[in-house]
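Student: Would you be able to build a 3D model of this:
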Amino acid sequence: MNRLFYVMIAAIAAVAVNMTGLPQAGAGESLPIREGSTVTLLYQITVPGNEEFEVRDLSQFVQGRHQMLPALEKAMAGMKRGDKAQIDLTPDQGFGQYDPRKKTVVSANELPEGTKPGDVLEDQSGRHATVTQLSESGAVVDFNHPLAGKPLNVTLTVLEVDNPS
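Tutor: Sure thing, here's the model as predicted:
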């Protein structure tokens, strides 16, 4: 698989909370997602017109804590275990518009040894950037999210909903 695919997976995973375990399917009654619900879901993200890009993963998040894109949280409100949804996101609803001002030049002595185009680097403040061009004097790095400026098709399947008491 190409490097961009792995970059996209890492970027998408950064949006969701890391899972510590999955509840058993079928446990409890089917409750609707509401503010404060802990939701476990399966998601698939594709970019229209790009058959090579697809991300499928499990995620767990708390509704209303801004751990997911706002448009996805809004679409999931009221869904129950077993519900599925297809959500089309505009770039603004996803990861924003592409901003060419988020590209910068980094001198060669600031780059890790063996840096290649497509590598994802982290700056001192923890921001991630993709190396887009490389020369002997340095590199052009892009701090835009890899999905910035792209419409997204998101398919969600709710696996579990745990509402607070």
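Student: Isn't residue 86 up against residue 152?
Tutor: No. With contacts defined as Cβ atoms under 8 Å, residue 86 does not count as touching residue 152, sitting 11.3 Å away. (C-beta placed from N, C-alpha, C; glycine too.)
Student: Those two: who's more crowded?
Tutor: Neighbours were tallied for residue 86 and for residue 152 using other Cβ atoms under 10 Å; the higher tally belongs to residue 152 (23 against 10).
Student: Which per-residue confidence value corresponds to the more buried one?
Tutor: Confidence per residue is given as pLDDT, and for residue 152 that number is 98.
Student: ok, and the closest non-adjacent residue to residue 99?
Tutor: With sequence-adjacent residues excluded and distances taken as Cβ to Cβ, 6 or more residues apart in numbering, residue 99 is closest to residue 144, at 6.0 Å.
Student: Quick check on residue 42: phi, psi?
Tutor: Backbone torsions for residue 42, taken as degrees, to the nearest 10, come to phi -110, psi 130.
Student: For the closest residue to residue 63 other than its chain neighbours, which residues are in contact?
Tutor: Leaving aside its chain neighbours, residue 63 sits nearest to residue 37 (4.5 Å; criterion: Cβ to Cβ, 6+ apart). Listed by Cβ atoms under 8 Å, 6 or more residues apart in numbering, the contact partners of residue 37 are 31, 62-63, 161-164.
Student: In these, find the pair that's most separated.
Tutor: With Cβ to Cβ as the measure, no two of the contacts of residue 37 lie farther apart than 31 and 62, at 14.1 Å.
Student: Look at the two and report which has more neighbours.
Tutor: The residue with more neighbours, out of residue 31 and residue 62 and counting by other Cβ under 10 Å, is residue 62; that gives 17 against 13.
Student: Quick check, the more buried one in contact with residue 34.
Tutor: No. Under the contact definition of Cβ under 8 Å, residue 62 does not touch residue 34, with a separation of 10.9 Å.
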